[in-house]
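**Student:** Sequence below, structure please.
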Amino acid sequence: MMPYGFAGGAYGSGMMLFGWLISLLVIIALGLSIAALWKYLTKK
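**Tutor:** Numbering: from 1, shown residues only. Next up, the predicted model:
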């Protein structure tokens, strides 16, 4: 049986990495949408 701290730490770090990747993707998507909107507005 694994120690609880080790299992919890591994699970926590995995979830933290997952959340970090999701936030990074959200930031990239926001940046791209803002850039596209800015180009569209300045083109008019």
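
**Student:** which residues of the protein score low on pLDDT?
**Tutor:** 1-15 (pLDDT under 70).

**Student:** got the residue ranges for the helices in it?
**Tutor:** Ranges of helices in the chain, per DSSP state H, are 4-43.

**Student:** For L41, give its distance to L21.
**Tutor:** Separation of L41 from L21 (Cβ to Cβ, to the nearest Å): 31 Å. The C-beta positions use only the backbone N, C-alpha and C, and glycine is treated the same way.

**Student:** what about K44, neighbour count?
**Tutor:** 4 (other Cβ atoms under 10 Å).

**Student:** show me the contacts for it.
**Tutor:** Taking Cβ atoms under 8 Å, 6 or more residues apart in numbering, we find K44 in contact with no residue.

**Student:** what's the distance between it and L25?
**Tutor:** Taking Cβ to Cβ, one finds K44 at 29 Å from L25.

**Student:** same question, W38
**Tutor:** W38 is 20 Å from L25, by Cβ to Cβ.

**Student:** cool, and A36?
**Tutor:** Counting by Cβ to Cβ, the gap from A36 to L25 is 16 Å.
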